[in-house]
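Enquirer: 3D model of this:
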Amino acid sequence: MKTAFRSILSCCLLTPLSAQIVPDGEYKFLRAQHGEKWDAEDKEIDQKLAQIREKNGGKRPNILYVLIDDVSFGQMGNRKMNYVMGIETPRLNQLSEESLNLMRMYTEPSCTPTRAAFLTGRHPVRIGIKEVKVALVGEGLQTEEVTIAEVLKKSGYNTAHIGKWHQGDIEQAYPHNQGFDYASFPLHQQVQLTVMTKESGKANNQFGYTRDLRSSKLELDKKFRPFGLVTSVEAEAGGTASECDILKAGEEWSHDHYVKLNELYQKQILEQVDSLAKKDEPFFLQYWPLYPLNFVYEDSPESRNGGFFAEKLQLLDGWIGELLDKLEETGEADNTIVVFMADNGLMYHYEGPSGLSQLIYRGGKTQHLEGGVRVDAFIRWPGVVEANSYAGDITHVSDLFSTFARVGQATEHIPTDRVIDGIDQTALLLNGEEHGRRDFVYIYENEILRSVVKQEYKMHVPAPGVPGAAAPVFNVLRDPREENAHVGAALWSGASFQDMIKRHMMTIAQYPHSKLGKGKPYEGIDNLRPESKETVELFMSWHPKK
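Expert: Below is the predicted model:
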């Protein structure tokens, strides 16, 4: 028996069969133990999915994926927490009650990597998208990466994206070149759109950017502060992008512009639901709002809290309600999977004045601590996913890639020449808790592996030269804030954690990381403002010509 197991495991770890999805080494290790059971369950899952399609006239389910920024676990979907925080989120609470609540959803430590992990089903370190960038970088998601939009589109889905994108400022990285039929999105993110404003400076939430709020008499480099950045564009697949007319040439971006942009995206998402619902094919629709990120206090706050993030979270609650109501009006709600979640923990740098806080888990955005990578996640699928249910099984945002492909009958379009970290969790959706297929997570900060999670245990990876036996290990059920490390009491786990890392590294050695896409910023935008052309020229002036 042991010999047979070793033989199967060796095959799984070292020689994946061609034309099969290539998972990470740790999943192969689990599959060697549970493969027969999972294969039997998958046959039942296929039958259930076929019955669901038959019930809906042969149509596959629509998918609506809503991803918001920087909200720590526990701050959405809970009326008790509403009282504690001094905000009202009745529609998100209702959505939670209608959904499967994923209680151990892990993301990446910041927004750009999380979104890349979802889109490609791969750890961001594998594709070079490892951190948040603010201004021009001339890089992004490369053409060779395969997104969930491309996978579903090949299977007959109509696809659209509204809101934040942040996968690069080069043409190949734009969403309409990555599988979306239509996209309306900002080229950068909220540091440009809501932090880099005069109003944010006056609110004391940034300093040094706006010239009339400081002295510049000793300033030599007049180009140190980003300028002339493209704001938001829209485009259709196969075409060029056009910047929206919210900002005129020569005009300074302001908080009022940011408010108008958020309102534009809310208008467009409602329009997209209406438009896509009228078509015969199923749709995959993404809504990635810019709110709740906001760095200006409201003149007349609506919430008891009044914090500049909390106010917009309460506003966003109403907007999500409008979106769900619109979906209901179209008659497509019962055949639509709605996933709502945050991309990482709060921007703890503004904890307190923002109105949001860390709550049970310590840490926030950019950190490998649980507070940085544990988020609320709700999945609603009427009549399929049990309402008001909870699952403590570990999931990772990349799992949505493989799960959406499965329910959309598009698995055959997942590439088989690279590692896919996302695990198909359809069994968890349909059968509920204890049917998950992941009990581990690798957590990177940029390209550095910082933590490894296994079951209820988490090891902070020791620094180079420090023996694994001295690595701090936490029980995240007993110590959710990771404040009381075990070394001696958890010595039994040291070798197992190190084996997990070795299996992960063996897979990386076999399938090396891809390169980040490179190019000239803002190509493929047909109406660049003069100041945007100038900033591109400046950027290219110090880059070597090819």
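
Enquirer: neighbours of K133, just the number please.
Expert: 17 (other CB atoms under 10 Å). Glycine gets a C-beta too; all of them are placed from N, C-alpha and C.

Enquirer: For it, which non-adjacent residue is closest in space?
Expert: Once flanking residues are discounted, K133 sits nearest to T112: 7.0 Å by CB to CB, 6 or more residues apart in numbering.

Enquirer: Three-state assignment for that neighbour, please.
Expert: Look at T112: counting by DSSP: H, G, I helix; E, B strand; the rest coil, its state is helix.

Enquirer: Now do the contacts for it.
Expert: By CB atoms under 8 Å, 6 or more residues apart in numbering, the contact set of T112 is P124, I129, E131, V132, K133, H166, Q167, Q189.

Enquirer: Would you enumerate the residues in contact with the third one?
Expert: With contact set as CB under 8 Å, 6+ apart, E131 has these partners: S110, T112, P113, N446.

Enquirer: Go again with 10 Å.
Expert: Residues near E131 by CB atoms under 10 Å, 6 or more residues apart in numbering: E108, P109, S110, T112, P113, P124, T366, Y444, E445, N446, E447.

Enquirer: Wait, M459 touches A495, no?
Expert: No. The pair M459 / A495 is not scored as a contact, 11.2 Å apart, by CB atoms under 10 Å.

Enquirer: any residues in contact with both of those two?
Expert: Common neighbours of M459 and A495, counting by CB under 10 Å, 6+ apart, are G468.

Enquirer: just checking, F378 touches L67?
Expert: No. Counting by CB under 10 Å, F378 stays clear of L67, with 11.9 Å between them.

Enquirer: Find residues that contact each of those two.
Expert: With CB under 10 Å, 6+ apart as the test, F378 and L67 both reach V339, F340, M341.

Enquirer: For the last one, give its distance to D376.
Expert: Pointing back at M341 there. Counting by CB to CB, to the nearest Å, the separation of M341 from D376 is 6 Å.

Enquirer: so what sits against both of these two?
Expert: With CB under 10 Å, 6+ apart, M341 and D376 have common neighbours I68, V71, M76, L102, M105.

Enquirer: Next one: T194 from R438, what distance?
Expert: Remark: distance between T194 and R438 (CB to CB) = 35 Å.

Enquirer: The two - which one has more neighbours?
Expert: Neighbours were counted for T194 and for R438 using other CB under 10 Å; T194 has more, 27 against 22.

Enquirer: Helices of the stretch 151-300 of the chain, residue ranges please.
Expert: 190, 198-202, 255-277 (DSSP state H, counting those that start in this stretch).

Enquirer: Out of the ones you listed, which gets nearest to D479?
Expert: Proximity to D479 (CB to CB) singles out helix 190 among these, at 32.7 Å.

Enquirer: Averaged pLDDT, that closest one. What do you get?
Expert: Helix 190 carries an average pLDDT of 90.

Enquirer: What lies in contact with that helix?
Expert: Under the contact criterion CB under 10 Å, 6+ apart, helix 190 has outside partners 69-70, 111, 134, 164, 166, 196, 258, 290-295, 347.

Enquirer: 6 Å instead?
Expert: L290, L293 (CB atoms under 6 Å, 6 or more residues apart in numbering).

Enquirer: quick one, what contacts I423?
Expert: Residues in contact with I423 (CB under 6 Å, 6+ apart) are D399, S402, R437, R438.

Enquirer: Can you tell me which of the contacts of T112 are buried?
Expert: Among the contacts of T112, the ones that count as buried by 16 or more other CB atoms under 10 Å are P124, I129, V132, K133, H166, Q167, Q189.

Enquirer: so how far is K365 from the fourth one?
Expert: The one in question is K133. Taking CB to CB, one finds K133 at 14 Å from K365.

Enquirer: S357 - how many residues pack around it?
Expert: Using other CB under 10 Å, S357 has 18 neighbouring residues.

Enquirer: And the pLDDT at the residue lying closest to Y522 once chain neighbours are set aside?
Expert: Counting by CB to CB, 6+ apart, Y522 lies nearest to V536, which is 5.4 Å off, once chain neighbours are set aside. Per-residue confidence (pLDDT) for V536: 96.

Enquirer: tell me the SS of V536?
Expert: helix.

Enquirer: try the one 4 residues further on
Expert: Classification of M540 by three-state DSSP places it in helix.

Enquirer: helix, strand or coil for the closest residue in space to it that isn't next to it in sequence?
Expert: Using CB to CB, 6+ apart and skipping the chain neighbours, the partner closest in space to M540 is K520 (6.4 Å). Here K520 is coil, with the state taken from three-state DSSP.

Enquirer: before we move on, back to that, quick one: which of M459 and A495 has more around it?
Expert: Neighbour totals were compared for M459 and A495, and M459 leads with 25 against 11 (other CB under 10 Å).

Enquirer: Can you list phi and psi of the more buried one for me?
Expert: phi -100, psi 130 (degrees, to the nearest 10).

Enquirer: Can you verify my assumption that D24 contacts M506?
Expert: No. D24 lies out of contact with M506 (CB atoms under 6 Å); the separation is 9.6 Å.

Enquirer: Comparing those two, which residue is more hemmed in?
Expert: Ranked by neighbour count (other CB under 10 Å), D24 and M506 place D24 first, with 25 against 15.

Enquirer: quick one: that one from K515, how far?
Expert: 20 Å.

Enquirer: what do you get for T112?
Expert: 17 Å.

Enquirer: tell me the secondary structure for I379?
Expert: I379 ends up strand, using three-state DSSP.

Enquirer: How about the contacts made by the closest residue to it other than its chain neighbours?
Expert: Distances taken as CB to CB, 6+ apart put L100 closest to I379, at 4.7 Å, once the chain neighbours are dropped. By CB under 6 Å, 6+ apart, L100 lies in contact with I379, V385, S389.

Enquirer: Could you count how many residues lie near W492?
Expert: With other CB under 10 Å as criterion, W492 counts 8.

Enquirer: is it fair to say it lies in a helix?
Expert: Yes. Under three-state DSSP, W492 sits within a helix.

Enquirer: could you measure it against Y522, distance?
Expert: With CB to CB as the criterion, W492 and Y522 are 54 Å apart.
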